[in-house]
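[1] Here is a sequence together with a model predicted from it:
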Amino acid sequence: MVNTEALPPNYSNTRWLMIGLALVLTGLVLWNIRNILLYGLAAIILVILISMPVRFLSRFG
């Protein structure tokens with residue numbers, strides 16, 4: 001662990017600023033690729049919905 005008492009006084013503020021900036025950038029990236037993520041989620045749901053009846057029918061076929 002890092003001893004925060006030995007660090008410069010502005011390190012804590014800088015760290016929180018960097019964390020906030022990283023969260024904002026991550027949010028912006030996810031917002032820009034939300035359509036791709038939505039298509040991926042829809043594809044996963046379709047695969048699950050289609051594979052269940054296929055497995056059921058393959059037992060009898």
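    Sure, I can see it. Because the structure is a prediction, the values reported are computed rather than measured.
[2] what packs against the strand or helix carrying Val47?
    Per DSSP states H and E: Val47 is located in helix 34-60. Counting contacts by 3 or more Cβ pairs under 8 Å, 6 or more residues apart in numbering; DSSP states H and E, helix 34-60 packs against no other helix or strand. C-beta here means a position set from N, CA and C on the backbone, and glycine is covered the same way.
[3] Distance from it to the middle of the chain?
    When distances are taken as Cα atoms, centre = their mean, to the nearest Å, helix 34-60 is centred 21 Å away from the chain's centroid.
[4] how about stretch 22-38: buried residues?
    By neighbour count on 16 or more other Cβ atoms under 10 Å, the buried set for stretch 22-38 is empty.
[5] Mind exporting the C-alpha coordinates of that stretch to PDB?
    Only the C-alpha atoms of stretch 22-38 are listed here, as PDB (Å, rounded to 0.1, in the frame of the first residue of the first chain):
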ATOM      1  CA  ALA A  22     -10.900   8.300 -17.100                       C
ATOM      2  CA  LEU A  23     -14.600   7.700 -16.200                       C
ATOM      3  CA  VAL A  24     -15.800  10.500 -18.500                       C
ATOM      4  CA  LEU A  25     -13.700   9.200 -21.400                       C
ATOM      5  CA  THR A  26     -14.900   5.700 -20.900                       C
ATOM      6  CA  GLY A  27     -18.500   6.900 -20.800                       C
ATOM      7  CA  LEU A  28     -17.900   8.800 -24.100                       C
ATOM      8  CA  VAL A  29     -16.400   5.800 -25.800                       C
ATOM      9  CA  LEU A  30     -19.200   3.500 -24.700                       C
ATOM     10  CA  TRP A  31     -21.800   6.100 -25.800                       C
ATOM     11  CA  ASN A  32     -20.200   6.300 -29.200                       C
ATOM     12  CA  ILE A  33     -20.200   2.500 -29.700                       C
ATOM     13  CA  ARG A  34     -23.600   1.900 -28.100                       C
ATOM     14  CA  ASN A  35     -25.100   0.800 -31.400                       C
ATOM     15  CA  ILE A  36     -22.400  -1.900 -31.800                       C
ATOM     16  CA  LEU A  37     -23.000  -3.000 -28.200                       C
ATOM     17  CA  LEU A  38     -26.700  -3.100 -28.800                       C
END
